[in-house]
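Asks: I would like the atomic coordinates for the input below:
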Amino acid sequence: MYQMTLRLPDELATELKEAAAANGKSLNQWATAVLEAAIDPDLAGSEAEQIRARLAKAGLLAQPSTRMKRPAPEVTQRARKKAGVGTSLSSIVVEDRR
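Replies: Numbers count the residues shown, from 1 in each chain. The predicted model follows:
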């Protein structure tokens, strides 16, 4: 088995030790699990995280663009009124079947 020495900031080393203890693992066991998950998407947490990790590894993960703002309530209300006007879909289907 390969041995490796890492230089870490003191704060990171402390956080790693605390995280390992919180998970009931030795520092080595926990660090190994974290490093394996970092390179193997199948070891990531949820199914969604696994899919995102696979897409990222393949260079196919699209980063979300800036979020769109929610339209003003009056804009939404006008759109609802316009959407409720016209021939209903069921009427179109019935007419088409004749």
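Asks: Would you state the helices of the protein in chain order?
Replies: Per DSSP state H, the chain carries helices over the ranges 10-22, 27-39, 47-57, 73-83, 89-97.
Asks: residues of the third one that come out buried?
Replies: Taking 16 or more other Cβ atoms under 10 Å as the basis for neighbour counts, the residues of helix 47-57 that come out buried are Gln50, Ala53. The C-beta positions use only the backbone N, C-alpha and C, and glycine is treated the same way.
Asks: Return the distance of that helix from the chain's centre.
Replies: 8 Å (Cα atoms, centre = their mean, to the nearest Å).
Asks: quick one, that helix and helix 27-39 angle?
Replies: With axes from the mean of the first three to the mean of the last three Cα atoms, to 10 degrees as the basis, helix 47-57 and helix 27-39 are set at 70 degrees to each other.
Asks: Just list what helix 47-57 packs against, helices and strands only.
Replies: Applying 3 or more Cβ pairs under 8 Å, 6 or more residues apart in numbering; DSSP states H and E, one finds that helix 47-57 contacts no other helix or strand.
Asks: circling back: is it possible to export the helices of the chain to a markdown table including distance to Thr66?
Replies: As requested, the helices of the chain are exported to a markdown table (distance: least, Cβ to Cβ, whole Å):
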| stretch | distance to Thr66 |
| --- | --- |
| helix 10-22 | 32 |
| helix 27-39 | 28 |
| helix 47-57 | 19 |
| helix 73-83 | 19 |
| helix 89-97 | 35 |
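Asks: and those as a markdown table, adding mean pLDDT and distance to Gln3?
Replies: Listed next are the helices of the chain as a markdown table, based on pLDDT from 0 to 100; distance: least, Cβ to Cβ, whole Å:
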| stretch | mean pLDDT | distance to Gln3 |
| --- | --- | --- |
| helix 10-22 | 89 | 17 |
| helix 27-39 | 81 | 10 |
| helix 47-57 | 74 | 27 |
| helix 73-83 | 89 | 61 |
| helix 89-97 | 90 | 68 |
